[in-house]
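Asks: no FASTA, just this:
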């Protein structure tokens, strides 16, 4: 019996004993790929609907039977295991699939092997006429694999730079730039690696090319940090720039960064997606975070499965994220911390504050809600059906600046902000990954925890927030003993969008009071 390989990265093909097979059955090839990706039995009805969506059930099943026969004739041997209701690749067949090899390498941390396997985007140039559901499935799978590639390349750039192998770092950074040519973070990775490798002329060419792209596509100039890389004294300081660090917790590596110093530690958790490096790429976000650094040491991290942290097969739930907070604070040598939880990350910060009051100096919630969807006793959120429709719309637009009109109306018309958000989404998660994250949030409910909070709490919300109703913020504050509630003008959900000044002033007053209370406690 022949050994088969499915090559799906790029235009797909099937190989038997290292010999390409010419399979003149486009839907037959799609069937082989879909079954291989399923890694198990699939209902015949599902396959028939996927490949012949416009036909009735009996016609679709008849066409499927004929297709199975024709595929096995073309391959020269039986490859399917079937029964009356389902089918799968036969376990008797030796089958290798490049996507499985790629993901296995990522899972075990062999990022060089993973990147060598990734020879092109999943099913590039391959589509089925009038099979929208198949093409949608291929899109989600493609984006998931691209996201893992970007994650692997980012890890390799960091690892190679740390090891002093700047030529290798340059190659990996170059692939990142190809994946997202408008990202200044990736552009700086490449320019920095070239300078450290001693190739200043190439660094200058890439800076010029990046400058041209930013001007042509976004109408903006490079940031000062990007242009400063070419200063004569910059090269000697490159290795000293802040870097992303990793800590292992419960078998998962979590990416985190610390910035600045001061009497307080402030942990910032921004919402359903994050990326500790690309967060700084947006001028408004960078300005907000820089302002927070004046109040204390800033700690940021990506939850498991998100951003630069290890990708995992399940969504990070509230309890798991609270444990990740504990792991990162321990690695950062944090003292008592002020938690800043925005939007979907609010519940995890609430959980941590309840579980670890001795480690929590204060809790700040921005645009947060205590329950993910509507209930008879909780009218402040979308009904589950409405939430799922919104989630479906968001996922359908993945790879574009999906949802920016809702999250940040004041930035929705800014080409630079739109490009940044689209890049963050692609780098931070995949459509399937974030689908699970948002599903977990829909089912979250921490109302029972709110009366248990004993640390000073500040709840912030904009009156016309387009993503989370202000009534949800008022409800959170009303359930926490002694909580301060401050509402602001504006309709932006992102804390850094719109007018930052009143938000930062409220935070400064709150943290100032925390420090005064702590000093008074020490002297009493």
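Replies: Received, thanks. Please read these numbers as outputs of a predicted model, since none were measured by experiment.

Asks: For the rest of this, base every contact and every neighbour count on C-alpha atoms.
Replies: OK.

Asks: Where does pLDDT dip in this structure?
Replies: For the chain, the stretches with pLDDT under 70 are 232-242, 313, 521-524.

Asks: Can you pull up the most central residue in it?
Replies: Centroid-nearest residue in the chain, with Cα atoms, centre = their mean: residue 428, separated by 2.2 Å.

Asks: tell me which residues of stretch 402-414 are tucked away?
Replies: Across stretch 402-414, burial judged by 16 or more other Cα atoms under 10 Å covers 402, 403, 404, 405, 406, 407, 408, 409, 410, 411, 412.

Asks: Would you work out how far apart the start and end of stretch 188-204 are?
Replies: One end of stretch 188-204 sits 11 Å from the other (Cα to Cα, to the nearest Å).

Asks: Could you pull out the buried residues of that stretch?
Replies: By 16+ other Cα under 10 Å, the buried positions in stretch 188-204 come out as 188-197, 200, 203-204.

Asks: Now the closest residue to residue 13 other than its chain neighbours: phi and psi?
Replies: Nearest residue to residue 13 in three dimensions, chain neighbours excluded: residue 7, at 5.4 Å (Cα to Cα, 6 or more residues apart in numbering). Per-residue torsions, residue 7: phi -110, psi 110 (degrees, to the nearest 10).

Asks: how about the strands in the stretch 401-524 of the chain?
Replies: Residue ranges of the strands in the stretch 401-524 of the chain, as given by DSSP state E, counting those that start in this stretch, are 457-462, 484-488.

Asks: re the thing from before, separation between the residue nearest to the centre of the chain and residue 311?
Replies: From residue 428 to residue 311 the distance is 10 Å (Cα to Cα).

Asks: residues in contact with the nearest residue to residue 499 once chain neighbours are set aside?
Replies: Leaving out its chain neighbours, the residue that sits closest to residue 499 by Cα to Cα, 6+ apart is residue 490, at 7.8 Å. Neighbouring residues of residue 490 by Cα atoms under 8 Å, 6 or more residues apart in numbering: 462, 463, 464, 465, 498, 499.

Asks: same deal with residue 430?
Replies: Residues counted as contacts of residue 430 (Cα under 8 Å, 6+ apart) are 140, 143, 144, 145, 147.

Asks: For the helix or strand harbouring the second one, which helices and strands make contact with it?
Replies: The reference is to residue 143. Per DSSP states H and E: residue 143 is located in helix 132-163. If you count contacts as 3 or more Cα pairs under 8 Å, 6 or more residues apart in numbering; DSSP states H and E, helix 132-163 packs onto helix 44-51, helix 98-107, helix 111-117, helix 166-179, helix 415-428, helix 431-442.

Asks: Report the buried residues of the fourth one.
Replies: Spelled out, that is helix 166-179. In helix 166-179, counting by 16+ other Cα under 10 Å, buried: 166-177, 179.

Asks: Over to the last one?
Replies: Along helix 431-442, these residues count as buried under the neighbour rule (16+ other Cα under 10 Å): 431, 433, 434, 435, 436, 437, 438, 439, 440, 441, 442.

Asks: and if you look at the first one?
Replies: Residues 44, 47, 48, 49, 50, 51 are the ones in helix 44-51 that count as buried (16+ other Cα under 10 Å).

Asks: and residue 328, how many neighbours?
Replies: 25 (other Cα atoms under 10 Å).

Asks: ditto for residue 250
Replies: There are 10 residues near residue 250, going by other Cα under 10 Å.

Asks: List the contacts of it.
Replies: Taking Cα under 8 Å, 6+ apart as the definition, residue 250 has no contacts.

Asks: ok, and the closest non-adjacent residue to residue 510?
Replies: residue 458 (7.3 Å).

Asks: who touches the one you found in this structure?
Replies: Contacts of residue 458 by Cα under 8 Å, 6+ apart are 363, 364, 365, 477, 483, 484, 485, 486, 510.

Asks: ok, now with 7 Å
Replies: 363, 364, 365, 483, 484, 485 (Cα atoms under 7 Å, 6 or more residues apart in numbering).

Asks: If we only consider those, which is nearest to residue 106?
Replies: Set against residue 106, the nearest of the contacts of residue 458 by Cα to Cα is residue 365 (34.6 Å).

Asks: quick one: secondary structure of the closest one?
Replies: Per DSSP: H, G, I helix; E, B strand; the rest coil, the local secondary structure of residue 365 is strand.

Asks: burial measure for residue 133, as a count.
Replies: 15.

Asks: What separation do you get for it and residue 67?
Replies: 19 Å.

Asks: Next: residue 268.
Replies: For residue 268, the distance to residue 67 - Cα to Cα - is 54 Å.

Asks: likewise residue 261?
Replies: 66 Å.

Asks: These two: which has the busier surroundings?
Replies: residue 67 (16 against 13).

Asks: Confirm that the more buried one sits in a strand.
Replies: No - membership of residue 67 in a strand is not supported by three-state DSSP, which gives helix.

Asks: which non-adjacent residue is nearest it?
Replies: residue 28 is the one closest to residue 67 (Cα to Cα, 6+ apart), at 6.4 Å.

Asks: what angle do the helix or strand harbouring the one you found and helix 132-163 make?
Replies: Here residue 28 sits within helix 26-38, counting by DSSP H and E. Here the directions of helix 26-38 and helix 132-163 differ by 50 degrees (axes from the mean of the first three to the mean of the last three Cα atoms, to 10 degrees).

Asks: Would you mind pulling the contact partners of stretch 110-125?
Replies: 8-12, 98, 102, 105-106, 142, 149, 152, 156.

Asks: List the buried residues of that stretch.
Replies: Quick answer for stretch 110-125 (16+ other Cα under 10 Å): 111, 114, 115, 117, 118, 121, 122, 123.

Asks: Stretch 350-368: which residues count as buried?
Replies: 350-356, 359-368.

Asks: Buried residues, the helix holding residue 143. List them.
Replies: For helix 132-163, the neighbour count (16+ other Cα under 10 Å) marks 134-135, 138-158, 160-161 as buried.

Asks: go on, stretch 265-272?
Replies: For stretch 265-272, burial by neighbour count (16+ other Cα under 10 Å) applies to 265, 266, 267, 268, 269, 270, 271, 272.

Asks: do the same with stretch 219-228
Replies: Going by 16+ other Cα under 10 Å, stretch 219-228 has these buried residues: 222, 226.

Asks: about what we covered before: specify which member of the contacts of residue 430 is nearest to residue 1.
Replies: residue 145 (30.7 Å).

Asks: State the distance from that closest one to residue 128.
Replies: Taking Cα to Cα, one finds residue 145 at 20 Å from residue 128.

Asks: Next, the closest residue in space to residue 254 that isn't next to it in sequence: phi, psi?
Replies: Setting aside the residues directly before and after it, residue 254 is nearest to residue 309 in space (Cα to Cα, 6+ apart), at 4.5 Å. Main-chain torsions, residue 309, degrees, to the nearest 10: phi -80, psi 160.
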